[in-house]
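Q: Sequence and computational prediction follow.
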Amino acid sequence: MSMDKINGSPLMRSGLLDRFKVDNKEKEGSEKASSLNTDDRPSVIPADRAEISDTAHQLMDLRAAVDVGRSTLESLPDVREDKVAEAKKRMEQGYYNSQVVKDELAGALAKVFGKMDEL
């Protein structure tokens, strides 16, 4: 049974799960009726119920956010022409050969190698 997309499940509609809850009046009535029985059956018949934990609710919200993010990413083009044009312009101007860019790149690589040493 697949549990993904449970937010869209008919089980999450208000009132549907409430049908399966037993309120006190119904319990009292079934207790009185079952106490009249002289069989070996238990005097109270337990009701089935299901609960969704707070963690499960958080996971459902997280899953919904991931689904929104994926659909947004799928709508974006594979190649962003504006970024490619900007990079070509910077290459022609020699921006990537400047000392500022080299220092930034060296700093970023030093952080990556530092993290690798921690492992």
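A: Here it is on my side, so go on.

Q: show me where pLDDT drops low in the protein?
A: Applying pLDDT under 70 to the chain flags the ranges 1-42.

Q: mind listing the helices in it by residue range?
A: Chain-ordered helices for the chain, with DSSP state H as the definition, fall at 24-35, 54-75, 81-93, 99-118.

Q: need the ones you listed in TSV with mean neighbour count, can you?
A: Yep, even glycine has a C-beta here, placed from its N, CA and C like the rest. As requested, the helices of the chain are arranged in TSV below (neighbours: other C-beta atoms under 10 Å):
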stretch	mean neighbour count
helix 24-35	11
helix 54-75	11
helix 81-93	10
helix 99-118	9
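
Q: want to throw these into TSV with distance to P46?
A: Below are the helices of the chain laid out as TSV (distance: least, C-beta to C-beta, whole Å):
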stretch	distance to P46
helix 24-35	10
helix 54-75	23
helix 81-93	62
helix 99-118	53
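
Q: Of those, which is nearest I45?
A: Across these, I45 has its closest neighbour in helix 24-35 (6.3 Å, C-beta to C-beta).
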